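> how does the following fold in three dimensions:
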Amino acid sequence: MIERRALLGAAGLAALSAPALAQTAPPPAGWPDRPVRLIVPYAAGGPTDAVARILADRMSSTLPQRVVVENRAGGGALPGTEAVARAPKDGSTLLFTTVVHAVHRALQGARLTFDPLADFAPVALVGVVPQVIMVPPSSPVRDVKGLVEDLRANHRAYGSSGVGGSSHLGIELLKSMAGVSADHIPYRGTAPAVADLLAGRIALVMDSVATGASQVRAGALRGIATTGLRRSEALPDLPTVAETIPGFEATTWNAVLAPAGTPPAVVEAMSAAIWKAIGDGATQARLSEMGVQAPAPNDRNPAATARFVAAETTKWERLVKEAGITVE
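This next block holds a predicted model:
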């Protein structure tokens, strides 16, 4: 369940947006002369939207024009993503995406109308968001070792937000690395999967810490571990899966991409503007509370973002192929 205070806070920031501050340096050649659209291929009110609105508000105070969030939900994030791929190459339309971008090609194949790598210019990785593995309080499982033993000994089912989502891919990676099995039950979003977990109809769910942490802190569900390489500040008492299964990492992430062909000067300036806007301590602390772990300072640039997206694409495409994951 989404933590109401965090989302209301983000919405409040968006409502108070005041792009009245002057920019200290002139914009680069080709800078858009109209508001910048930040397209989020998900519904308003979710964790991805909340982070995007914090970013848009902060950027609006440092750029010549406002940055406006535009939600284009549905279709597995494909319609919103395609809209950016076909948008003018001037920095006026940007995509705020997640790990789903790394599996579009593997899942959609010839049906895909754009290339997730070739048709986009990475601008900035805002941060990675670990997930949390959760089980019902009645479950005998209390840690990763116990979870692996339980999945080896019993026929279990797990729920996810849908085929190809981070909550699906993460459990499939765990199954692959631990050599265990579990049946996948896809839902229309994480919320109904968590509802069935609370009711004891499924054995486990992997959910973003942005939404799962409140259930764990309230004691409604038992948190087993988080899935980043370092512990999450949202759930600092939980170990990472990697502490038991070295090398395991299954995060979602928030990245800003522009249409391929956007002038490099505009891409670089936009990246710098993003980090000028959200790189301060107060904003980073706020994002950290929502589960977002910022990249190292040396990785806050387009080149590092491109390497990250390419590596994630290679990693998850391999898993999709090996696990035989398909969409109808």
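
> would you map the strands across the stretch 201-328 of the chain?
Taking DSSP state E, counting those that start in this stretch as the criterion, the stretch 201-328 of the chain carries its strands at 204-208, 222-226, 252-259.

> pick the most buried one from those strands.
A comparison of the strands of the stretch 201-328 of the chain by mean neighbour count, using mean count of other CB atoms under 10 Å, puts strand 204-208 on top with a mean of 29. Just so you know, the C-beta spots here come from the backbone N, C-alpha and C atoms, and that holds for glycine as well.

> tell me if I'm right that V266 and P88 touch.
No. With contact defined as CB atoms under 8 Å, V266 does not reach P88; the gap is 11.1 Å.

> between these two, which is the more surrounded one?
Neighbour count, other CB atoms under 10 Å: between V266 and P88, V266 has more, with 22 against 12.

> where does the stretch 201-328 of the chain have low pLDDT?
Judged by pLDDT under 70, the stretch 201-328 of the chain has its weakly predicted residues at 328.

> please, where are all the helices along it?
Taking DSSP state H, counting those that start in this stretch as the criterion, the stretch 201-328 of the chain contains helices spanning 209-218, 264-278, 281-289, 302-323.

> with adjacent residues omitted, what lies nearest to V309?
Nearest residue to V309, sequence neighbours excluded (CB to CB, 6 or more residues apart in numbering): P122, at 5.4 Å.

> in a helix, the one you found, correct?
No. Going by DSSP: H, G, I helix; E, B strand; the rest coil, the assignment for P122 is strand, not a helix.

> what distance do you get for it to A73?
Per CB to CB, to the nearest Å, P122 is found 23 Å from A73.

> which one of these two has more residues nearby?
P122 (23 against 14).

> the more buried one is in contact with P302, isn't it?
Yes. Using CB under 8 Å, P122 makes contact with P302 at a distance of 5.6 Å.

> which parts of the stretch 1-150 of the chain are strands?
Here the stretch 1-150 of the chain has its strands, by DSSP E, counting those that start in this stretch, at 36-40, 67-71, 93-97, 120-129, 131-135.

> what would these look like in JSON lines with mean pLDDT?
As requested, those are exported to JSON lines (pLDDT from 0 to 100):
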{"stretch": "strand 36-40", "mean pLDDT": "97"}
{"stretch": "strand 67-71", "mean pLDDT": "96"}
{"stretch": "strand 93-97", "mean pLDDT": "98"}
{"stretch": "strand 120-129", "mean pLDDT": "97"}
{"stretch": "strand 131-135", "mean pLDDT": "97"}
